[in-house]
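*Asks:* below are the sequence and a predicted model; questions follow.
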Amino acid sequence: MKKEIIKKALVSTIPVMSGYVVLGIGFGILMSTNGLNPLWSLLMSLFIYAGSMQYVAIGLLTGGASFLTTALTTLMVNARHLFYGISMIDKYSKIKKGKLYDIFGLTDETYALVVEDRPDIQEEDLPSYYFLVSILDQSYWVTGSMIGALLGTMITFDTTGIDFSLTALFIAIFTEQCVSNGNRKAGIIGVVSSVVCLILFGPGNFLIPSMILITVLLCTMRKSIEQGGGQNE
Amino acid sequence: MSNSFILISIAIMSIVTALLRFLPFLIFRNRKTPAIISYLGTVLPCAIMGMLVVYCLKGVNFVGLEGWIPALLASICVVLLHVWKRNTLLSIIVGTACYMILVRLF
């Protein structure tokens, strides 16, 4: 592997490093303060490797969610990854070695890096560049979660309220999506459907009905959402 | 939480996540993406994030002020800070700090 490609991959992943290490630490701390062994954190960051889903998982695990709820929630929370794959089909079609890992590692942040055109990198070097970016990003995430998980077991001060970081994460992403994509109507449908289902089905059982209601409403209101979507901004 | 429950849950989440990442390479290789799938791809993430916000706040109770005021104020803080600075990490750190202070005051 060329030194120049290693250097380019390192430089382009620096922004992801800061984000993943900090978010990973947050994830690890929450896992440990919720009584989950650091080994579980390691296993999750190695095999699930999906930031926001791993945060949701803490709630699912500690709340004793059913396997069906866990499967459907993962499906809905990570559904966007389907579209990363769709747009990478052409770029990744020429890869011979490491393709399986490249696809496995298509998180939001890695996708943002590999989808970018790199005219400064020769075509034959692109596969190594994609592979390095993917593996560097996951190594930041795993490192962050391990630091956090170990810190979490050592914390002796009162951490009451630290669980709010999970809520804050989703509120921030939600705000970002409502503001930037003109997706406000979809956001309102998500919140209102969930509140209605929370009242009807109670805190333990409302995720599955909410996901069904959201999908049905988004499909039936497609015309008005698509019309309004672009004009919100 | 038994170990086998955690292990199976992690396995399910890993398999579903990997499936979503691999599926396009298996099925859409030579076909156009159906319009309804592309449409859901643009609107679903925002709606699901809304659901997750509700999921996180489901434990808030409205019996006494201390049950909901800290969560409400900290949530408003995250939204305002995020609209202003658009920096996810900053919003999370300040919002959480806000909440941790507020729960001790009320």
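*Replies:* Structure received.
*Asks:* ok and the residue in chain A nearest chain B?
*Replies:* A:Gly190 (2.8 Å; C-beta to the nearest C-beta). C-beta coordinates here come from the backbone N, C-alpha and C atoms, glycine included.
*Asks:* the residue nearest to that residue when sequence neighbours are not counted: how many residues sit nearby?
*Replies:* Among residues not flanking A:Gly190 along the chain, B:Gly50 sits closest, at 2.8 Å (C-beta to C-beta, 6 or more residues apart in numbering or on different chains). By other C-beta atoms under 10 Å in any protein chain shown, 28 other residues sit near B:Gly50.
*Asks:* quick check, central residue of chain B?
*Replies:* For chain B, the residue nearest the mean C-alpha position is B:Leu52 (4.4 Å; C-alpha atoms, centre = their mean).
*Asks:* and what about that residue, helix, strand or coil?
*Replies:* Following DSSP: H, G, I helix; E, B strand; the rest coil, we place B:Leu52 in the helix state.
*Asks:* report pLDDT for it.
*Replies:* In this prediction, B:Leu52 carries a pLDDT score of 88.
*Asks:* related to what we said a few turns ago, now do the residue nearest to A:Gly190 against B:Ile93, distance only.
*Replies:* Noted for B:Gly50: a distance of 22 Å to B:Ile93, by C-beta to C-beta, to the nearest Å.
*Asks:* repeat that for B:Pro34.
*Replies:* In terms of C-beta to C-beta, B:Pro34 sits 41 Å off from B:Ile93.
*Asks:* biggest helix in chain B by residues?
*Replies:* For chain B, the helix with the greatest residue count under DSSP state H is helix B:3-27.
*Asks:* what's near enough to touch the residue nearest to A:Gly190?
*Replies:* By C-beta atoms under 8 Å, 6 or more residues apart in numbering or on different chains, the contact set of B:Gly50 is A:Phe174, A:Ala186, A:Gly187, A:Ile188, A:Ile189, A:Gly190, A:Val191, A:Ser194.
*Asks:* from chain B, which residue is nearest to chain A?
*Replies:* B:Gly50 (2.8 Å).
*Asks:* by mean pLDDT, flag the weakest helix or strand of chain B.
*Replies:* helix B:35-56 (a mean of 87; mean pLDDT, DSSP states H and E).
*Asks:* how far off helix B:3-27 does that helix point, in degrees?
*Replies:* Going by axes from the mean of the first three to the mean of the last three C-alpha atoms, to 10 degrees, helix B:35-56 is angled at 160 degrees with respect to helix B:3-27.
*Asks:* how about the nearest residue to B:Leu73, chain neighbours excluded?
*Replies:* Once flanking residues are discounted, B:Leu73 sits nearest to B:Leu102: 5.9 Å by C-beta to C-beta, 6+ apart.
*Asks:* so that neighbour is in which element?
*Replies:* Per DSSP states H and E, B:Leu102 falls inside helix B:88-105.
*Asks:* got the buried residues for that helix?
*Replies:* Of the residues in helix B:88-105, B:88, B:91-100, B:102-103 count as buried by neighbour count, 16 or more other C-beta atoms under 10 Å in any protein chain shown.
*Asks:* any idea how chain A splits into domains?
*Replies:* A:3-154, A:182-228 (automatic domain parsing).
*Asks:* want to throw the ones you listed into a markdown table with distance to A:Leu169 and mean neighbour count?
*Replies:* A markdown table is the format used below for the domains of chain A (distance: least, C-beta to C-beta, whole Å; neighbours: other C-beta atoms under 10 Å in any protein chain shown):
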| stretch | distance to A:Leu169 | mean neighbour count |
| --- | --- | --- |
| domain A:3-154 | 6 | 19 |
| domain A:182-228 | 16 | 18 |
